[in-house]
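Undergrad: below is the sequence, then the predicted model.
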Amino acid sequence: MGYFYIALSSIAVYLFIIIAIRLFGKKEISQLSVIDLVFILLISNAVQNAMVGSDSTLAGGLVAAGSLFVINYLFKLVLYKIPRLGRLIQGDPMILIYKGKIIHKNMAKAKFTLDELKETVREHGIALVEDVDLAILETDGNISIISNDFKQKTLKKRGSRKTGTVSSYKSP
């Protein structure tokens, strides 16, 4: 088996994993449980042979790793140059809470349970969902939360001490 085949196989596995993560939900990326960690470890072991086959040489491993670095760089470059493709692959941010009200449709779409959402709210130092002004599931799987306490924020412009409000997202 040649190094070209190793490179091609590595790229194919890379693309497959990206598509699989997109299909199975971005929540899995940042909210790793023990089960998710074991899953990732097993996936990496399962696809190793698909990338390098019986070639267990240093050169074979370096070709596979190098191919992954190159395709990752090129993929990010393409996503940067073509934002629409980036949104297709990574998705859009999703509002989970707006003005203290849970958006159940988006919760179901993101496969987020109420307990998981409440846990995330508490992790941000907020006791009640009703106190959350905005909770957004970001494209990287993290959840950004803005509480009612942060509606006013000091904005410093060069040479002035002007105070203003933080701009908000449009309602869902």
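TA: On my side now, so go ahead.
Undergrad: contacts and neighbour counts: CA atoms only from here.
TA: Noted.
Undergrad: the longest helix along the chain packs against which elements?
TA: Secondary structure of the chain per DSSP state H: the longest helix is helix 58-81. When contacts are defined as 3 or more CA pairs under 8 Å, 6 or more residues apart in numbering; DSSP states H and E, helix 58-81 sits against helix 3-24, helix 34-52, helix 83-90.
Undergrad: just put these in CSV and tack on distance to Ile146, mean pLDDT and mean neighbour count.
TA: Converted to CSV, the helices and strands packed on helix 58-81 look like this (distance: least, CA to CA, whole Å; pLDDT from 0 to 100; neighbours: other CA atoms under 10 Å):
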stretch, distance to Ile146, mean pLDDT, mean neighbour count
helix 3-24, 26, 84, 16
helix 34-52, 28, 78, 14
helix 83-90, 23, 84, 14
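Undergrad: and of the ones you listed, who's closest to His104?
TA: Ranking these by proximity to His104 (CA to CA) places helix 3-24 first, at 18.8 Å.
Undergrad: between helix 3-24 and the longest helix of the chain, find me the angle.
TA: For helix 58-81 against helix 3-24, the angle by axes from the mean of the first three to the mean of the last three CA atoms, to 10 degrees is 50 degrees.
Undergrad: what's the mean pLDDT across helix 58-81?
TA: Taken as a whole, helix 58-81 carries a mean pLDDT of 89.
Undergrad: not counting it itself, show me its contacts.
TA: Helix 58-81 has contacts (CA atoms under 8 Å, 6 or more residues apart in numbering) with Tyr3, Ile6, Ala7, Leu8, Ser10, Ile11, Tyr14, Met51, Val52, Leu85, Gly86.
Undergrad: nearest the geometric middle of the chain, what residue?
TA: Among the residues of the chain, the one closest to the centroid is Asp140, at 2.0 Å (CA atoms, centre = their mean).
Undergrad: quick check, that one in a helix?
TA: No: secondary structure of Asp140 (DSSP: H, G, I helix; E, B strand; the rest coil): coil, not part of a helix.
Undergrad: just the pLDDT for it.
TA: The predicted local confidence for Asp140 is 76.
Undergrad: can you tell me how far it sits from Leu8?
TA: Distance from Asp140 to Leu8, counting by CA to CA, to the nearest Å: 27 Å.
Undergrad: what's the answer for Val132, then?
TA: Val132 is 47 Å from Leu8, where distance means CA to CA.
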